[in-house]
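Engineer: Coordinates for the following, if possible.
(one chain, ligands or ions: 1)
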Amino acid sequence: MFILAHQFAGVVELVDTLDLGSSAARCESSSLSARTTIFQYYFMSEENFIANNFTNLPDTSSYTWSSPSNIALIKYWGKNKNQTPKNTSISFTLSNSRTITTLELNKKSKADNNILFDVYYKDKKIDEFKPKIDLFFRNILKYCSYLKGYSFKINTANTFPHSSGIASSASGMSALALCIMSLEKDLNSTMKEEYFYKKASFLSRIGSGSACRSILGGINLWGKHADVEQSTDLYSIKYPYEIFKDFLDYNDTILLVDTEAKQVSSSDGHTLMKNHIYADKRYKIAQKNVIRLKSILKNGNLHSFTSLIEEEAMMLHALMMTSNPSYVLIKPNTLKIINSIKSYRETTKIPICFTLDAGANVHVLYPKEGEKKVELFIESELKEYCKNYSFISDKVGKGAVQL
Ligand code: PMV
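Structural biologist: Below you'll find the predicted structure:
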């Protein structure tokens, strides 16, 4: 009885912290049926994401979603066979770096396993993304068998430069997954908003692990953690604990040091963790860092935040440098920026810090308070290390939107 009450308290906390508008579950949280609904979405298993066999397929349809990129604070690096993570990760959802995708569907004369689709980037047909999208479709057919009834046209565009070295897989895969979920919602009008977003995150994860953290705004957490009750490897959840106000509109200026294609795909990078000498240690540290970040996000100690975030970024690159084969993805200008940020912080005491993805570009993180000074610093000292002096001004955002 006590356990049930305790679990229910956790459920209420989840519903209250989800930023999904006024869902039915939230409105009726005291009734038995609503409680059943909440439990249903709280304990989701893979089977819960297998769609019914719908017979009422429309002949044509079109859906458009704009979905943001995200930047990991606690990094996901190392995965299991089914693209579930080896450790919990936590990220800021971004605001301006987005992919806008339109999915047009045409009913086939006969449903089959043949996935027929064309991809357009800004209305121009391209084949570059086809293999990844084809694999994505094939991997999600089990959960979305209604897709067998259609051929598709995917028109996509990024708000950031195509060749900026910014990974578009998180924003791109989440935008596509959301379009697919809009179709599923049309086929199943009783679908609840909470299920919609959870399955969108679940499908995104199958496309590109970190993409599952791009659906909802603010801070998101993906991967089972013993101390985070509703955490799961299957999809990302909105960070369920108290967040100090500064983190709700944190800035992220992305310095574009290298705009070439990556030397090693993140998929190959994850694979290199399989026999990595430091793998076990890394996964343990990541779980501990989640707890460290939890207390920082609550108490707003920005100086502790800078230490933890930079440790995580450096650890990610240390893992790449010590894998077999090894990779050095940072460039001389990445190091110049890192050193410049450290000495600026030392001198001004402004809690600015850096983080890195699997590449040479630098994400400069800083709070709103004092942002004008940091912007001047970026303009006068860091911009010169960027390719063509280019950078992207971004910040924590509100998540994906349907257009
Ligand atoms: O989602 P993937 O497979 O592209 O991996 C992303 C890995 C990092 O960006 C380096 C870290 C993260 O958690 O986003």
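
Engineer: Close to the ligand: what parts of the protein are there?
Structural biologist: Within the chain, the positions near the ligand by Cβ under 6 Å from any ligand atom are 72, 75-77, 89, 167, 169, 208-210, 266-267, 270, 316, 357-358. In this view, the C-beta of every residue, glycine as well, is placed from N, C-alpha and C.

Engineer: Which members of those occur in helices, if any?
Structural biologist: 169, 266, 267, 270, 316 (DSSP state H).

Engineer: Got a ChimeraX select line for the buried ones in those residues?
Structural biologist: Burial among those is assessed by 16 or more other Cβ atoms under 10 Å; the matching ChimeraX selection reads:
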select :169,266,270,316
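
Engineer: Throw the ones in helices among the residues of the chain next to the ligand into CSV and include pLDDT, thanks.
Structural biologist: CSV is the format used below for those (pLDDT from 0 to 100):
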residue, pLDDT
169, 91
266, 85
267, 85
270, 94
316, 97
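
Engineer: What segments of the stretch 301-403 of the chain are helices?
Structural biologist: Remark: helices assigned in the stretch 301-403 of the chain by DSSP state H, counting those that start in this stretch are 302-321, 332-348, 371-377.

Engineer: which residues sit against the shortest one?
Structural biologist: Contacts of helix 371-377 from elsewhere in the structure, counted by Cβ atoms under 8 Å, 6 or more residues apart in numbering, are 251, 253, 344, 348, 350, 352, 364, 366.

Engineer: next one: stretch 278-290
Structural biologist: With Cβ under 8 Å, 6+ apart as the test, stretch 278-290 has contacts from 74-75, 77-78, 86-90, 221, 225-228, 273, 276, 308, 311-312, 315, 318-319, 322.

Engineer: which of the contacts of helix 371-377 are buried?
Structural biologist: Burial by neighbour count, 16+ other Cβ under 10 Å: within the contacts of helix 371-377 this picks out 251, 253, 344, 350, 352, 364, 366.

Engineer: Can you tell me which of these is nearest residue 126?
Structural biologist: Residue 126 has its nearest neighbour among the buried ones among the contacts of helix 371-377 in residue 253, at 29.2 Å by Cβ to Cβ.

Engineer: wouldn't that closest one be in contact with residue 383 here?
Structural biologist: No. If you go by Cβ atoms under 8 Å, residue 253 and residue 383 don't touch, sitting 9.8 Å apart.

Engineer: so what sits against both of the two?
Structural biologist: Residues touching both residue 253 and residue 383 by Cβ under 8 Å, 6+ apart: residue 391.

Engineer: Now the two most distant members of the buried ones among the contacts of helix 371-377.
Structural biologist: 251 and 344 (14.5 Å).

Engineer: what kind of secondary structure is residue 184 in?
Structural biologist: The three-state label given to residue 184 by DSSP: H, G, I helix; E, B strand; the rest coil is helix.

Engineer: doesn't residue 145 make contact with it?
Structural biologist: No. If you go by Cβ under 8 Å, residue 184 and residue 145 don't touch, sitting 10.6 Å apart.

Engineer: Find the residues that touch each one of those two.
Structural biologist: Residues touching both residue 184 and residue 145 by Cβ under 8 Å, 6+ apart: residue 51.

Engineer: out of those two, which sits in the busier spot?
Structural biologist: Shown here are residue 184 and residue 145; by other Cβ atoms under 10 Å, residue 184 has more neighbours (21 against 16).

Engineer: Spit out the contact partners of that one.
Structural biologist: The neighbours of residue 184, taking Cβ under 8 Å, 6+ apart as the test, are 51, 144, 146, 191, 196, 199.

Engineer: Closest to the ligand out of those residues?
Structural biologist: Using Cβ to the nearest ligand atom, residue 199 comes nearest to the ligand of the contacts of residue 184, at 18.2 Å.

Engineer: Residues contacting the helix or strand hosting the closest one, please?
Structural biologist: Take DSSP states H and E as the rule and residue 199 turns out to sit in helix 193-207. Helix 193-207 has contacts (Cβ under 8 Å, 6+ apart) with 15, 18, 20-21, 23-25, 41, 44, 49, 83-84, 132, 136, 139-140, 143-144, 169-170, 173-174, 176-178, 180-181, 184-185, 211-216, 222, 234-236, 400.

Engineer: so who does whichever residue of the stretch 251-400 of the chain sits closest to the ligand touch?
Structural biologist: When scored by Cβ to the nearest ligand atom, the stretch 251-400 of the chain has residue 266 as its residue closest to the ligand, at 3.4 Å. For residue 266, the contacting residues are 167, 169, 208, 210, 358, by Cβ under 8 Å, 6+ apart.

Engineer: Between all of the residues you listed, which two are at the greatest distance?
Structural biologist: Spanning the widest gap among the contacts of residue 266 are 208 and 358, at 12.1 Å by Cβ to Cβ.
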